[in-house]
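**Student:** Task: produce atomic coordinates for the following.
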Amino acid sequence: MTDAKETATPVRPAPVPLLEPREGIPPVTATSKALAEVVDAFASGTGPVAVDAERASGYRYGQRAYLVQLRRAGAGTAMIDPVGCPDLAALGSALSGTEWVLHAATQDLPCLLELGMRPTSLFDTELAGRLAGFARVGLGAMVENVLGYVLEKGHSAVDWSTRPLPEPWLRYAALDVELLVDLRDALEEELRGQGKLEWALEEFAAIAAAPPAAPRVDPWRRTSGMHKVRRRRQIAVVRELWQTRDQAARERDVSPGRVLTDAAIVAAALELPSNAHALAALPGFGHRMGRRQLEVWQAAVDRARALPERELPQPTGPFTGPPPPRAWAEKDPQAAARLSAARAAVSALAEELNLPQENLLSPDTVRRLCWAPPAEPSPEAVSAELTCLGARPWQVKLTTPLLTRALLTQPTEE
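**Tutor:** This next block holds a predicted model:
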């Protein structure tokens, strides 16, 4: 006989596979006439608009969009081909003042901006999931955990520059925006229940208002395996090969890694081959590479080998922030003590609030504050400094007290 005090664990219904869009797969909009009809339909729609974009990362140069999907009540779903319709400014204007719902907004906003589309307000379902404390925040996981549906995710990494786009890919793309507004509504309620909705709204407003990211300084320094390259002459080889590869990839409109791998660049930098025959013996420059290609890469190596000492790149690039934290104990023990205390305090509060530490406060903000704190670390001064560093009001309010205490930490006696 079952004890009356025992309660059965509620059985969660099995998630339902979402196999088809509600109105079927819409035709791809690829002409100015069809685009004008989409603009009119979405201008007449109601409520938030779900927005997504598909890129050809790993296949094409850059991060341009090759398909834009939208869904709005009263307008249904639209899928637009940016190759045939490269200017979506009219659609962006039609949606001005409308809340956009995106998943991982910072990934899609740059390529949408290239097309003339920028939201005035948005709701990011991935960021909402992080703030709400969900362990898995991918779109498929969120739709399953929050709404009880399973999305088919088999085409996320395909070459979206393919034309015509296969029907299974279009079905996948349409389903990506099918439940985005429903997910938004459910997450809004979840955040409101946790007392975090205002935090999320501040985050969303900051994303919408953020200017386009500035171009990276010395992007070639991000070559995978760069940490193995120590000598300045070898670093120069990396730079020359990276820049030569980038130009070739841009001209051919292919991903740089398909032109020459990072591993091949690093191998050439470490070996400093003196001729194309020696270069061909290195990994990544095998027998399948034509003589003309080998000569192009060897010319880049030769340019680096011929540089005068004064023109060789420095081992590290220019930076304006604090040094790497591992060097703090030696350079400034007091700053190291402040950073240790601040990290521990932010981590503990993040755990208490059930959200990722980096969402409570950017690790870079914590480092900068601890390296160069206010002369008098009062709550008012710390709050002002956090604001200058880009922290949102909710972050400033929550972290100012604990960071003020952390800034008074002294290094322990050995």
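
**Student:** Which strand residues bridge residue 52?
**Tutor:** Assessed by DSSP bridges, residue 52 has beta-bridge partners residue 69.

**Student:** what about the residue nearest to residue 51 when sequence neighbours are not counted, how many residues close to it?
**Tutor:** Using C-beta to C-beta, 6 or more residues apart in numbering and skipping residues adjacent in sequence, the residue nearest residue 51 is residue 100, 4.9 Å away. C-beta here means a position set from N, CA and C on the backbone, and glycine is covered the same way. By the criterion of other C-beta atoms under 10 Å, residue 100 has 28 neighbours.

**Student:** what does the model give residue 100 for pLDDT?
**Tutor:** In this model, residue 100 is scored at 98, pLDDT.

**Student:** quick one: contacts of the helix or strand encompassing it?
**Tutor:** Assigned by DSSP states H and E, residue 100 belongs to strand 99-102. The contact list for strand 99-102 (C-beta atoms under 8 Å, 6 or more residues apart in numbering) reads 48-52, 108-109, 119, 121-125, 180-181, 183-184.

**Student:** Tell me the buried residues in that strand?
**Tutor:** Within strand 99-102, the residues scored as buried using 16 or more other C-beta atoms under 10 Å are 99, 100, 101, 102.

**Student:** And the residues you listed, which is closest to residue 19?
**Tutor:** Taking C-beta to C-beta as the measure, residue 19 sits nearest to residue 101 out of the buried residues of strand 99-102, at 22.1 Å.

**Student:** Tell me the spacing between that closest one and residue 14.
**Tutor:** Using C-beta to C-beta, to the nearest Å, residue 101 is found at 26 Å from residue 14.

**Student:** With residue 209 instead?
**Tutor:** Look at residue 209 and residue 14: by C-beta to C-beta, they are 42 Å apart.

**Student:** what sits against residue 95?
**Tutor:** By C-beta under 8 Å, 6+ apart, the contact list for residue 95 reads 42, 43, 49, 117, 119.

**Student:** Return the backbone torsion pair for the residue positioned nearest the centre of the chain.
**Tutor:** Centroid-nearest residue in the chain, with C-alpha atoms, centre = their mean: residue 107, separated by 4.7 Å. Note on residue 107: backbone dihedrals following degrees, to the nearest 10 are phi -80, psi -40.

**Student:** Now do the contacts for residue 45.
**Tutor:** Per C-beta under 8 Å, 6+ apart, neighbours of residue 45: 72, 73, 74, 75.

**Student:** And residue 234, by the same measure?
**Tutor:** Residue 234 touches 269, 270, 272, counting by C-beta under 8 Å, 6+ apart.

**Student:** Just to be sure, it is in a helix?
**Tutor:** Yes: using DSSP: H, G, I helix; E, B strand; the rest coil, the secondary structure at residue 234 is a helix.

**Student:** Assign a three-state SS to residue 168, would you?
**Tutor:** For residue 168, the assignment made with three-state DSSP gives helix.

**Student:** For the closest residue to it other than its chain neighbours, which three-state class applies?
**Tutor:** The shortest distance from residue 168 to any non-neighbouring residue, by C-beta to C-beta, 6+ apart, is to residue 155 (6.7 Å). On the three-state scheme (three-state DSSP), residue 155 is labelled coil.

**Student:** Nothing else from me, thank you.
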